[in-house]
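Chemist: Here's a sequence, model it:
(chains A and B)
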Amino acid sequence: MKQSKLLIQTLRETPRDADVVSQQLMMRAGMIQKVAAGIYSYLPLAFRSIRKFEEIVREELAKDGCQELLMPAVLPAELWQESGRWKFYGDELLRFCDRKAKAELAERRARGEQPDERDFFNFCLGPTHEEVITDIVRRNVRSYKQLPMNLFQIQTKFRDERRPRFGLMRGREFTMKDGYSFHVDDACADREYWAMFNAYKRIFGRLGVKFRPVEADSGAIGGSFTHEFHVLAGSGEDAILSCDGCDYTSNIEKTEAPKLAGANFGDRRGLIKDHFCTPGVVGQVEQAAGMKDGEHDGMPLAQTSKFFLYRATFSDGATKLVGAVLRGDHEVNPVKVKNLVAAAELELLPLDEAEALTGAKTGFMGPVGLAGVRLLVDRSLEGAVNLTCGANRTDYHHFGLDPARDLPGCTFVDLRMAAEGDTCTRCGKGHYQAFRGIEVGQVFKLGIKYSKAMSCTFLDEQGKENPMVMGCYGIGITRTVAAAIEQNYDADGIIWPWPIAPYQVQIVCLDPASPEVAGVANQVEQELEDAGFEVLHDDREGLSPGAKFKDADLLGIPLRLTVGAKGLKDGIIELRDRRTKVVVKFKPEAAVGEVCVARDRLLLELETAGGR
RNA sequence: CGGGGCGUGGCUCAGCCUGGUAGAGCGCUCGGUUCGGGACCGAGAGGUCGGAGGUUCGAAUCCUCUCGCCCCGACCA
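Modeler: Next up, the predicted model:
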C-alpha cells in the first residue's frame, strides 16, 4: 500500500478532547475520528487492526466448534419484554419508536390525550443479544440430539453510557463478539464454560498483551459463576486483586476479604447512648479524633463503626431497607451487599429519606433501634465490643456497641472491600497485590434465566421437556484494540503487537523523487508482499526525513525499512525494530530474509509476553 | 443526574475583561531552495466566531435561552 494514497491525516498535536493514551494516539495517527460523544469512525488503519483481531477470535472459536451468525442491531421491544429486561435494563438501552408507533402517538395527541412517549417506544438498539439468540434457538432446536450448540456474532453494539469517555475504551457504539451456548444440563454448560475460558486465554495470548482471567461478580443473575478477562494497564477502570502466593485473581468488587481480628477494646460494657458529642463534625476520621471522655482522648478508627443505609429492589419489584455496618477504617463493598440480599438493584438511600428515617443528619446515623431495616454487619466485627456508632441523633454517637447484643437479628457477613496487602482467603498465605485492568472479555454461565423466561426448551431422551442451560461469552473487539495500545506505546507513538498491527512492515522511502531510490523501494515492497507480508510504503514526496520518521513512529508499524539515497550509496537499506529501536543494515536483495528473521523474533517474544 | 469548563479555518490556540468589519502556528495548494529524526523562502486557498433571540449606529466580544463537547462527582448515612 502506498502511503500517498492512504486515507490518513496525522496530527502533530494531541486533540483537546482525547484523554487517554490510546485515544490520543489513535486520533493523532489518523486511525479514528469522533463523530459524536462515544461514537467513532474507524478509518482504514484502525479498521485493519480491528479486523485482524476479529480474525484471531474467529479462528480460535472455530477450533471449539462455534458457529458464526449475525443478528439484527435493531431489536423489537416484545422480545425484551418477554425476558423482563425491557423494564430492568436502565437508560443504557437506547429505545425509540418506528413510524407506526409514532403515528399512533400523534393520533392520540391529536385527540387531546397526553400519552407518555415512552410507552410508545417499541424498538431498541441491541446492547447484547440474549433474547434474540434464545428466540432463534427455541424456534430451531427441539431435541437433545442437536445440543450442545455454541453460536456467536461479531457486531456493532450500542449502549447509551451515561458518560462515554476514554475513546474506544468506553464508547457508546462499539464492536463486540458475543457468543451464546445451549446445553442439556449444567455439567455440559460447565464444560463449555471452561472450553471458552481456554479459548479466551488462547485469543488474548495470541494478541500478545499482558492479561489476566479474573473472578468477577455475576450479579444477582442466579448466582452463577463468571470470569472477566482483563488487559493490565494503569489506565484501566477496574481494580483487580491478585494473590502473590496462588492463582486467586479477582475483581475487587468480588474479592473475598479476610476476617480481621479487631483490636482488644477492653471488657464488654453496656451500651451508653449519646456518649460522645462531636458537633458539626461529619468525617469518620475527624469524628474518631473528637471522641473524648474520661478514658479516651479520641478513639482508634478501628473501634468506631460506620453505617450505610441502602434500598434494595428485588426482581418482583418489592423493596427492602438494608443497613450495612462496618469498622470505621474499612470500606463497604456495595456489590457484596447487593448479592447478600439477592437484590436486583441496590441504591444508597437518598439523603433526605435517610435523615427522615433515622432522625439524624449525615454522619450521625447508626444501626441501633432502627425498625424495618435488615442489618448486615461485616464479619470483622463479629465478637467486637465497645464500639461507637451513630446515635441517630445529630452530633451524638453511642459508645459500647456490641453488635451481637445490640443489633438483634443482624447477620455477620463479608461486606468489606478487600484491599492490597490483605491475606489471601484462598491459600491463607499469600497477600493481595493490586492491578488496574481493562475488561475486554467475559465468560458467564447464565443458567436457565433466559431459556426459562422465554420457553427455550428441548426434549430429552425420556421425551421430557427441559429448559436449556445457557452460557454467554463476550469480547469487546474495539476495546481490546485500544487496550493493546494502552499497554504498548512510548513517547513517540504506538507500538503495535505484530498480530494486530495494521501493517507489518513500513517502508520509508526518503528520496521518492529519485528514480533509483524509488525503484529500490518499490522492488522491496513487491518482494515483501510476494512473500506474504503486509507492507505500508511511505512514498510521499516533499517531506523531510525527520517528518517521515516521526510519522512512522506514531503509526507504530512493528518493522521499519528505511530506503534512502545515503544508504544506497553504500548499497544498503536499514531495518529498525519499532520497540527496541535496534537497526540492522543489509543489501536490498536481503530484505525478505531479514524481515522474516525479525518477524520470527517478534513472534517468539510475544509467546513469552502474555498472561498466566 | 449534580458541579465545573470549553465551543473561533482540518488540528492546537490567541482575540472577549475594556464592542469598531477575524489572527498565529501546524496542516493543505502552487513555485523555488533543501533532504537521515517534525527544513526554509515566496505566493495562495480556507472561517455564517456552535445555534437562536436581545442590547447597540455597530457584537467573536455584553445579556438571555438553547445545542454540542470535555472534566470532576455520584460510598461521609
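Chemist: any low-confidence regions in the stretch 351-500 of chain A?
Modeler: Nowhere does the stretch 351-500 of chain A drop to pLDDT under 70.
Chemist: Could I get the full set of helices for it?
Modeler: Secondary structure of the stretch 351-500 of chain A (DSSP state H, counting those that start in this stretch): helices located at A:351-358, A:403-406, A:449-453, A:477-487.
Chemist: Nearest to RNA strand B, out of those helices?
Modeler: helix A:351-358 (3.2 Å; Cβ to the nearest atom of the strand). All C-beta atoms are positioned from the backbone trio N, CA, C, and that covers glycine.
Chemist: And RNA strand B, is the closest one touching that?
Modeler: Yes. Using Cβ under 7 Å from any atom of the strand, helix A:351-358 reaches RNA strand B at A:351, A:354, A:358.
Chemist: Which residue, neighbours along the chain excluded, lies closest to the second one?
Modeler: Right, the one you point to is A:A354. Nearest residue to A:A354, sequence neighbours excluded (Cβ to Cβ, 6 or more residues apart in numbering): A:L309, at 5.0 Å.
Chemist: try the first one
Modeler: The shortest distance from A:L351 to any non-neighbouring residue, by Cβ to Cβ, 6+ apart, is to A:T362 (6.2 Å).
Chemist: So the one you found is in contact with A:D352, correct?
Modeler: No. When contacts are counted by Cβ atoms under 8 Å, A:T362 is not listed as touching A:D352 (10.4 Å).
Chemist: got a list of what A:A29 touches?
Modeler: Applying Cβ atoms under 8 Å, 6 or more residues apart in numbering to A:A29 gives the contacts A:8, A:10, A:45, A:493-494, A:554-556.
Chemist: Restricting to those residues, which residues neighbour RNA strand B?
Modeler: Among the contacts of A:A29, RNA strand B is touched by A:10, A:554 when using Cβ under 7 Å from any atom of the strand.
Chemist: Okay, the most centrally placed residue in chain A and A:A257: tell me how far apart.
Modeler: Taking Cα atoms, centre = their mean, the centroid of chain A lies closest to A:E439, which sits 2.9 Å from it. As judged by Cβ to Cβ, to the nearest Å, A:E439 and A:A257 stand 21 Å apart.
Chemist: Model confidence score at the residue lying closest to A:K292 once chain neighbours are set aside, please.
Modeler: Distances taken as Cβ to Cβ, 6+ apart place A:G298 nearest to A:K292, at 6.4 Å, with adjacent residues excluded. At A:G298, the model reports a pLDDT of 89.
Chemist: Contacts (any at all) between RNA strand B and stretch A:586-593?
Modeler: No. Between stretch A:586-593 and RNA strand B, judged by Cβ under 7 Å from any atom of the strand, nothing touches; the nearest distance is 11.5 Å.
Chemist: How about stretch A:378-398?
Modeler: Yes. Using Cβ under 7 Å from any atom of the strand, stretch A:378-398 reaches RNA strand B at A:G390.
Chemist: Start and end of that stretch, how far apart?
Modeler: Chord length of stretch A:378-398, first to last residue, is 19 Å (Cα to Cα, to the nearest Å).
Chemist: list the contacts for A:R51?
Modeler: Counting by Cβ under 8 Å, 6+ apart, there are no residues that A:R51 touches.
Chemist: do A:N488 as well
Modeler: A:209, A:494-497, A:556, A:579.
Chemist: Let's see that with 10 Å instead.
Modeler: By Cβ atoms under 10 Å, 6 or more residues apart in numbering, the contact list for A:N488 reads A:21-22, A:25, A:208-210, A:233, A:494-497, A:500, A:556, A:558, A:578-579, A:609.
Chemist: backbone phi and psi for it, please?
Modeler: phi -140, psi 80 (degrees, to the nearest 10).
Chemist: how about low-confidence regions in chain A?
Modeler: Those would be A:218-224, A:263, A:610-612, if you go by pLDDT under 70 across chain A.
Chemist: if I look at A:M31, how far off is A:G167?
Modeler: From A:M31 to A:G167 the distance is 10 Å (Cβ to Cβ).
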